[in-house]
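Based on what follows, work out the 3D shape:
(one chain, ligands or ions: 1)
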Amino acid sequence: MPDHAETDALGMPVDEMRALGYWVVDRVVEHFRDGADGPAISSGDPAELRELLGGPLPEQPGDPLVALRTLLDVALQRMQHGDHPRYFARVPGPSSYAGVLGEWLGTGFNALASSWGGGAGPATVELVVLDWLAALLGLPSGAEGVIVSGGSLANMTALAAARAERGAGIAYLSDQTHASIRRALVALGFAADEIRTLATDELMRLRATTVAEAVAADRRAGRRPGIVIGTAGTTNTGAVDELEQIASVCASEGLWLHVDGAYGAPAAACDAGRAVLAGMELADSLVMDPHKWLFAPYDAGIVFVRRAGTLERAFSMRPEYLADVQLAPGTVDFGNRGLELSRRTRAFKLWMMLRTYGAQSIRAAVRRGMELAEIAQRLIDADPRWRCVTPAQLGIVTFTRDGWDAADHAAAVAALTADGYAAVTSTSLRGQPALRLCTINPRTTEADIAGTLGRLARAR
Ligand SMILES: Cc1ncc(COP(=O)(O)O)c(C=O)c1O
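Numbering: from 1, shown residues only. As a prediction, the model looks like this:
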């Protein structure tokens, strides 16, 4: 007779595990089916939430179904629903169910993706996913990578690898670079005078001439340039820096080119996006977030490096307690490609998505996100109340209403948020307040956009 376990490690019986699991699946499927009927965002009162979710440390066992219902009815109702078709704020997260299934399966088996010895299967899934994604984005063969929690950690990982390869040197970024880059540079020990913030042009792009001039000025001053950071799709406006030309400057100056494509790089999956992002593939390191525009549930961010071995050279560690973990050719310890040793397999969800939907569906869904911003722009241009500030670029459009100040923009956003119909954020573009729509959810309709614009206009 096989020796079946009757319970999990802490005593939950198998039948109960099964029943609770089915309950969770049903709720999640209902969320995918009916989520658009609810609000796009709702915030919570801190005291009320603590009251409903807190209390003293539970000493005695409790009913897991009651606990699950509390999470569902309280915690999951008070948050942004980044997968809602009218969630246009910040960066939406239009997740897909095959990704959720992959995540659940890996978590259910407690799969560890640290070392080949401890997880040859998960490591191979990660290698395969990285190859598939590199092919999807048109990256050169030989690119290597690692999956981390998101853009912030991916940027930090890439910049740490760049610093390890090239040594100390000044980092150049733009006034539109995502804040996570500066935070990573500071955390990595870059002093304030080793970080140059360069002005962008009228389209909010970093120009190659600006980079070349700043590098030349530093060399004249006896300083050592090191890393140039380009952005493939800024968070504010979707602008793409002059990547091809910046790559030439980096090549002739011997500088590391890091491209932050956390938001925009997935657009390279479709032809229209690939054209806009030309030059991204020349980066020494590139970041791309599947949990943004590649339909993966949180969390997943990817670091790609152009040259094999870059990540291991920066991060590999061989302490005595891991000495018996020997690597054979073709095998990888992902714990040696970044800062995380123990790490779950984030690759399963991406593998499941690619196997289930196929690259063609993903390409079409990404293209749709770009088109939706173009539709939004047309609606804005056709309405005399609005004025476009930056045109549709990689799924983002910004606009304003003449006569509105920053407080009016913020108030319109707040009114929409309170209503729950849609979620939109405002931003400031060179001091000009603007509203911003990020339209990367392929389930969004033109009516969703028109309804949101109409309510925004009436909100003030
Ligand atoms: C361009 C860019 N880089 C980095 C990040 C940070 O990514 P994450 O929130 O996954 O850490 C973002 C987030 O919106 C982003 O838009």
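
any idea how far residue 123 is from the spatially most central residue of the chain?
The centre of the chain sits closest to residue 289, judged by Cα atoms, centre = their mean, with a distance of 3.6 Å. Per Cβ to Cβ, to the nearest Å, residue 289 is found 21 Å from residue 123. No exception for glycine: its C-beta is placed from N, CA and C like everyone else's.

Same question for residue 18.
Residue 18 is 30 Å from residue 123, by Cβ to Cβ.

if you count what's nearby, which of the two comes out ahead?
residue 123 (23 against 10; other Cβ atoms under 10 Å).

Which pLDDT does the model give that one?
Here the pLDDT value assigned to residue 123 is 97.

same question, residue 324
Confidence for residue 324, expressed as pLDDT, is 68.

can you list the residues of this structure near the ligand?
Residues of the chain found near the ligand (Cβ under 6 Å from any ligand atom) are 91, 150-152, 155, 178, 180, 231, 235, 260, 262-263, 289, 301.

Output these in CSV; the columns should cover secondary structure and pLDDT.
CSV is the format used below for those (DSSP: H, G, I helix; E, B strand; the rest coil; pLDDT from 0 to 100):
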residue, secondary structure, pLDDT
91, coil, 98
150, coil, 98
151, helix, 98
152, helix, 98
155, helix, 98
178, coil, 98
180, helix, 98
231, strand, 99
235, coil, 98
260, strand, 99
262, coil, 98
263, coil, 98
289, coil, 98
301, strand, 98
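
And those residues, which two are furthest apart?
Using Cβ to Cβ, the two most remote members of the residues of the chain next to the ligand are 150 and 231, lying 15.8 Å apart.

Neighbour count for those two, which is higher?
In this view residue 150 and residue 231 are compared by other Cβ under 10 Å, and residue 231 has more residues nearby, 32 against 19.

Please name the bridge partners of the more buried one.
residue 260 (DSSP bridges).

Residue 107 - how many residues pack around it?
Neighbour number of residue 107 under other Cβ under 10 Å is 13.

what sits against it?
residue 344 (Cβ atoms under 8 Å, 6 or more residues apart in numbering).

what packs against the one helix or strand residue 31 maps to?
Under the criterion of DSSP states H and E, residue 31 resides in helix 14-34. On a contact count with 3 or more Cβ pairs under 8 Å, 6 or more residues apart in numbering; DSSP states H and E, helix 14-34 meets helix 64-73, helix 97-108.

Mean pLDDT for these - can I get that in JSON lines?
Formatted as JSON lines, the helices and strands packed on helix 14-34 follow (pLDDT from 0 to 100):
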{"stretch": "helix 64-73", "mean pLDDT": "98"}
{"stretch": "helix 97-108", "mean pLDDT": "98"}
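
Check which residues of the helix or strand of the chain with the lowest mean pLDDT are buried.
Lowest on mean pLDDT, DSSP states H and E among the helices and strands of the chain sits helix 406-419, with a mean of 91. Buried residues in helix 406-419, counted by 16 or more other Cβ atoms under 10 Å: 408, 409, 412, 413, 416, 417.

The fifth one and residue 407: what is the separation?
Between residue 416 and residue 407 the distance, using Cβ to Cβ, works out to 15 Å.

Repeat that for residue 39.
24 Å.

same thing with residue 322?
For residue 322, the distance to residue 407 - Cβ to Cβ - is 56 Å.

what's the answer for residue 350, then?
Distance of residue 350 to residue 407, computed by Cβ to Cβ: 42 Å.

And for residue 267?
Distance from residue 267 to residue 407, by Cβ to Cβ: 34 Å.

re earlier: what's the closest of the residues of the chain next to the ligand to residue 136?
Distances from residue 136 to the residues of the chain next to the ligand, taken by Cβ to Cβ, are shortest for residue 289, at 13.8 Å.

Now do the phi/psi pair for that closest one.
Here is the backbone geometry of residue 289 (degrees, to the nearest 10): phi -110, psi 110.

Can you find the residue of the stretch 151-300 of the chain that comes nearest to the ligand?
residue 151 (2.5 Å; Cβ to the nearest ligand atom).

Number of residues surrounding that residue?
27.

just checking, residue 311 touches residue 143?
No: if you go by Cβ atoms under 8 Å, residue 311 and residue 143 don't touch, sitting 11.1 Å apart.

Report the set of residues contacting both of the two.
What both residue 311 and residue 143 touch, as defined by Cβ under 8 Å, 6+ apart, is the set residue 305.

Show me which of those two is the more surrounded one.
Neighbours around residue 311 and residue 143, counted as other Cβ under 10 Å, are more numerous at residue 311. The numbers are 26 against 21.
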